[in-house]
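> Provide a 3D model corresponding to the input given below.
(one chain, ligands or ions: 1)
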Amino acid sequence: MNAKVLIIEDELELGELVQLYLSKDGIDSDIAVSAESGFDFLSKNGYDLITLDINLPGMDGFEFLQKLRQKSDLPVIILSAREGDEDIVLGLGLGADEFVNKPFAPKVLVARIRAVLRRVRSDMDKPFSKNIFFGSFSLSPEGYHLEKNGERIILSTKEFEVLRFLVQNSGIPFSPDDIYQAVWGQEFGDISTVAVYIQRIRRKLENDPSNPEYILTIHGRGYIFDEGKIKDES
Ligand code: CA
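Next up, the predicted model:
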C-alpha cells in the first residue's frame, strides 16, 4: 500500500519496530519522538495517518490530538499503555479514529493502519451522492464533508458517521445502542461513547450546544435529528 505514516513515539526502539513492520508492508514512515517534533514533521511533509503515543515528554498525546483537530482531520490511531475506559472515551472524544492498547503485536497495528487507510480511501473514491441541506449546513453523505455557510467543518470519521446516520434518518428517535450498532457495527461496545460523540458534534454544529436545535435528546429514549430543519436538494 502506498502511504506515509507519522509515528509519534518517544520510545525510539518501539517506533523503529513499527517502522520496520510498516516498511515490510511498503508503507513509508517517519518517527517523531515528541508531540512538538510531530508538528514539525507535519509542517514539512504530507502524511496519510498518524500513530500517536499518549505518554510523551512535554505535550502529551491528548493535547497533541486536540491541537491537531483544530486544523486537520488526518486519521489518528492512539497507542496507549494506560488502562481504563476514560482514556479511550477521552481519546475518541478528541477525534481519534482507532485505539490500540500497548503492548501490541506490530502485525496487528499494521493491519489496523491498513484498515483505516482503506476506509478513508474508499470513502474518497465513492461517487458523491446528493447533498443534504439543513439550516446553513450542507452535508455530503459519501464525501464525508460538512459545510456551514460554505466553510468546511472538520469532523472525525466517526463523528461524521454518527451525524450522517441521524441526518439520513431524521425524525426517527434512536437509542445510544441503536447508534452504536449502526456506526460501529458491533453488538457490544462502550455505549457511553455515543454520548461523547453527540456532545462533540453538537459543539461543532449547534449555536448553543446546551440548547440544541438539530440533535435533540429525547429523555429516556435517546436522540433524534430534528426533521423540521431538513430539506433535500432539489
Ligand atoms: Ca511513551
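
> At which residues are the strands of the protein located?
3-8, 27-32, 49-53, 76-80, 98-101, 132-134, 137-140, 145-148, 151-152, 215-218, 222-225, 230-232 (DSSP state E).

> Could you report the distance from Ile8 to the ion?
9 Å (C-beta to the ion, to the nearest Å). Heads up, the C-betas are built off the backbone N, CA and C, glycines and all.

> Work out which residue lies at the spatial centre of the protein.
Nearest residue to the geometric centre of the chain (C-alpha atoms, centre = their mean): Ser156, 3.2 Å.

> I'd say that one and Gly91 touch.
No - counting by C-beta atoms under 8 Å, Gly91 is not a contact partner of Ser156; they are 10.7 Å apart.

> which sections of the protein are below the confidence cut-off?
For the chain, the stretches flagged by pLDDT under 70 are 1, 83-84, 122-129, 186-188, 227-234.

> who in it is up against the ion?
Within reach of the ion by C-beta under 5 Å from the ion, the chain has these residues: Asp10, Asp53, Asn55.

> Top of the residues you listed by number of neighbours, please.
Asp53 (25 neighbours; other C-beta atoms under 10 Å).

> Report the set of residues contacting both of Ser156 and Gly91.
Shared contacts of Ser156 and Gly91, defined by C-beta atoms under 8 Å, 6 or more residues apart in numbering, are absent.

> Now do Gln70 against Gln168, distance only.
As defined by C-beta to C-beta, to the nearest Å, Gln70 lies at a distance of 28 Å from Gln168.

> what inclination does the longest helix seen in the chain have with respect to strand 76-80?
Ranked by residue count, the top helix of the chain under DSSP state H comes out as helix 106-125. For helix 106-125 against strand 76-80, the angle by axes from the mean of the first three to the mean of the last three C-alpha atoms, to 10 degrees is 160 degrees.

> Can you tell me what sits against helix 106-125?
Under C-beta under 8 Å, 6+ apart, the answer for helix 106-125 is 1, 3, 5, 17-18, 20-22, 25, 27, 48-49, 51, 75, 77, 79, 97-98, 100, 142-144, 157.

> and these, which are buried?
Applying 16 or more other C-beta atoms under 10 Å to these, the neighbour count classes 3, 5, 18, 21-22, 27, 48-49, 51, 75, 77, 79, 97-98, 100, 144, 157 as buried.

> Could you dump the residues of the chain next to the ion into a markdown table and include distance to Asp226?
Shown next, in a markdown table, are the residues of the chain next to the ion (distance: C-beta to C-beta, whole Å):
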| residue | distance to Asp226 |
| --- | --- |
| Asp10 | 46 |
| Asp53 | 40 |
| Asn55 | 42 |
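
> of these, closest to Leu65?
Asp53 (11.1 Å; C-beta to C-beta).

> thinking that closest one is in contact with Asp10, fair?
Yes - between Asp53 and Asp10 there is a contact under C-beta under 8 Å: 6.4 Å.

> so what are the domain limits for the chain?
4-125, 132-231 (automatic domain parsing).

> Lovely, talk soon.
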